[in-house]
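In: Sequence and predicted model, in that order:
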Amino acid sequence: MNRINYEIVVIGGGHAGYEAAHAAASMGAKTALVTLSPDMIGQLSCNPSIGGIAKGHLVREIDALGGIMGRIADHTAIQFRLLNRSRGPAVQAPRTQNDKSLYRLETIKVLKKKDLLNIVKAEASCLMFENGKLSGVELSDGSILQSSIIILSTGTFLKGRCFIGDWYFKSGRSGDKSSDRLAESLRRLGLEIGRLKTGTPPRLDRKKLDLTSLSEHKGDDDPTFFSFDTRPGDQELLPQQPCWITYTCEEVHQVIRKNLHRSPLYGGIIKGIGPRYCPSIEDKVVRFPDRDMHQLFIEPEEADSDVLYINGLSSSLPLDVQEAILDLVPGLTSKAMIRPAYAVEYDFVQPRELLLTLEVKKVPGLYLAGQICGTTGYEEAAAQGLMAGINAVLKLRGKEPFYLGRHESYIGILLEDLVTHGVDEPYRMFTSRAEYRLVLRIDNADRRLAGYGHELGLNSTSRMELFQEKWKRIDQTRDFLENTRLNDSLPGAEQLIKENGFPKGSLISLLIRNPAFSMEMAKNLLMANGHYLNPEELRAIHNEIKYVGYIRQQDAEIKRLRNIENLRMPAGLDYRKIPGISREMSERLEKSRPATLGQASRIQGLTPATVSILRIYLNTIEKRKP
Ligand SMILES: Cc1cc2nc3c(=O)[nH]c(=O)nc-3n(C[C@H](O)[C@H](O)[C@H](O)COP(=O)(O)OP(=O)(O)OC[C@H]3O[C@@H](n4cnc5c(N)ncnc54)[C@H](O)[C@@H]3O)c2cc1C
């Protein structure tokens, strides 16, 4: 049987898989991306949208590091929105509605351009070992891809079971097979494996609906892009599409309550826990009994098709119940159903089994990334895939691993939360998970992370030069604002003094904190004095100046913690040998195998005394280094 050698093999062409494969090949590793159906690479299995609160933050960080999700999302967006526009900058986040077919085509196009990356259409069925070491993967046709480094990103496919009422079928998602043999192969490794579930709503045919009675929900006229490379006007935006809003009603809730015993989740057939923040409509009716309506968004799945996605109506209730519900929701009808709602239950690996690099502690060379690690969401998956791809190559090259601290990125928070605390329900990112969210804004992800991407070989020098020119412009403008006063000789000041009544002699940077001083006024004054910034750069400056006090506080806090955040724990450290550390603490540390002292300090049950003993110990060994 044929054997082919690769440096890295990625299994699974979902959002984790394509980011991992793209990163590995970009860093110069000969990479195979093995996936069941290559034409489904980058499939948006459910909601045809990218981003949203905190998820949008992840996408911008992926882009800053050199990942591809942000660019693809911009190029396939049929609606752009900046969420939380009226709230503080820490929680503002971009979101796009995307054409799901174009998203897939664009992803495949980007991957096909990658030298060193080979896409293999196959089912990976069993991990191979030689002398106890990972040596490759067997494909269902018996051929073997040899590699000492494998990244598993099989999403919802491991022992995937899809449910509609009491009917179920083996599948990782509708239209795809489930991945049972590989699931067995993983179970044989003695990893902690659990079951989770997620669900998707019905798809309806727009031609059979009358949406005129529903309120339209348009996108922004001034789109906020995900990628730092996308400029207003530099790409043909797809025709922007509206969404519509409708609501369930009490009659719908009664139908659901009457049939709850027929739902596989409430009927006990599904054991897996579902995503708390992406509940099915039956979950909502049970959890919020006093709510007499639930909002639904009717969203187009593609620019030129009539398929509509009913966001908020995911369910695993039987078909006849789903039809009864549709006939009761204003603007919808069961006659328009193209595909029913369904739930999928699947295996996941408890992420406490992983190091901060997403490598499996018990199986050196095996990395896991994406929904397989207990997360939910394209963006969480893509972020893990990028980090797994980067660290797989660094391991291959015998280099130090790459970590991101939670003080510098949402990606750092995601990975640390997963591997330190594990999951007991599908994990999704929130801004509330960030201690320093005012520092981790969408407008400065490039400044925080692009340099790492360049060092790793993911950001080209020309891209870095563009970033540096941008930051230079911002710094010069900031200098101008902090050292210039409003007076008659200042171009553009007259109107601000005479018409808007701003006091002469005031520092412009102080004016910016005045709510009456709009971004438009700032922009005009800057242009009158030769400072030309695009809306994105203007927003960055505005945020930095307006929230300077809070930002300084968080920076000081980060500085204070930095030395413990970045203090690395030597691989293979035997905690039992460190004087003063109790047996219980050494067992907790051994189980978690933290990469940094920062991560160690957040291990459940680890005492502050243990952290300080560790800090003294690590500083001593640091000092002894030649
Ligand atoms: C029904 C359903 C509802 C969902 N609802 C939501 C939602 O509302 N919001 C949300 O954010 N996310 C939702 N998701 C989850 C979303 O699809 C995932 O978060 C995201 O796709 C995870 O990305 P991933 O790369 O981990 O896995 P996936 O995107 O699932 O990709 C897995 C890939 O692995 C491949 N694969 C699997 N096994 C093998 C094998 N043995 N050999 C070769 N290739 C293999 C598959 O072909 C696929 O390409 C839903 C998913 C499903 C199926």
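Out: Perfect, I can see it now.

In: Could I get the phi/psi values of Gln97?
Out: phi -90, psi 130 (degrees, to the nearest 10).

In: List the contacts of it.
Out: Listed by Cβ atoms under 8 Å, 6 or more residues apart in numbering, the contact set of Gln97 reads Pro48, Ser49, Ala77, Ile78, Gln79, Gly219, Gln241, Cys243, Glu299, Pro300. C-beta: built from backbone N, CA, C; applies to glycine.

In: Closest one of these to the ligand?
Out: Ser49 (8.6 Å; Cβ to the nearest ligand atom).

In: how about the nearest residue to the closest one, chain neighbours excluded?
Out: Using Cβ to Cβ, 6 or more residues apart in numbering and skipping the chain neighbours, the partner closest in space to Ser49 is Gln97 (5.0 Å).

In: Quick check: bridge partners of that neighbour?
Out: Going by DSSP bridges, Gln97 is paired in beta bridges with Ser49, Gln79.

In: Next, count neighbours for Ala324.
Out: By other Cβ atoms under 10 Å, 18 other residues sit near Ala324.

In: The contacts of Gln97: which ones sit near the ligand?
Out: Counting by Cβ under 6 Å from any ligand atom, nothing from the contacts of Gln97 sits close to the ligand.

In: In CSV: these, plus pLDDT and distance to Arg624.
Out: Formatted as CSV, those follow (pLDDT from 0 to 100; distance: Cβ to Cβ, whole Å):
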residue, pLDDT, distance to Arg624
Pro48, 94, 56
Ser49, 97, 53
Ala77, 96, 54
Ile78, 95, 59
Gln79, 96, 58
Gly219, 93, 59
Gln241, 91, 63
Cys243, 95, 61
Glu299, 96, 60
Pro300, 95, 63
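
In: List buried members of those by neighbour count.
Out: Pro48, Ser49, Ala77, Ile78, Gln79, Gly219, Gln241, Cys243, Glu299, Pro300 (16 or more other Cβ atoms under 10 Å).

In: give me the number of residues near Glu250?
Out: 11.

In: meant to ask about Thr212, not that
Out: Neighbour tally, Thr212, other Cβ under 10 Å: 8.

In: That one is in what secondary structure piece?
Out: Using DSSP states H and E, Thr212 sits within no helix or strand.

In: of all the contacts of Gln97, which comes closest to His542?
Out: Distance to His542, by Cβ to Cβ, is smallest for Gly219 among the contacts of Gln97, at 22.4 Å.

In: Skipping adjacent residues, who's closest to that closest one in space?
Out: For Gly219, the spatially nearest residue (Cβ to Cβ, 6+ apart) is Gln79, at 3.8 Å.

In: distance of Tyr617 from the ligand?
Out: As judged by Cβ to the nearest ligand atom, to the nearest Å, Tyr617 and the ligand stand 38 Å apart.

In: Bridged to Gly199, which residues?
Out: Ala343.

In: Now for it: which residues touch it?
Out: Gly274, Cys278, Ser280, Ser314, Ser315, Ser316, Ala341, Tyr342, Ala343, Val344.

In: pLDDT (mean, whole number) over stretch 582-589?
Out: For stretch 582-589, the mean per-residue pLDDT is 93.

In: Now do the buried residues in it.
Out: Met585, Ser586, Arg588, Leu589.

In: quick one: contacts for the residue of the stretch 251-400 of the chain found nearest the ligand?
Out: Nearest residue of the stretch 251-400 of the chain to the ligand, counting by Cβ to the nearest ligand atom: Gly370, 2.3 Å away. Residues in contact with Gly370 (Cβ under 8 Å, 6+ apart) are Gly12, Gly14, His15, Ala16, Gly17, Ser153, Thr154, Gly155, Glu380, Ala381, Gln384, Gly385.
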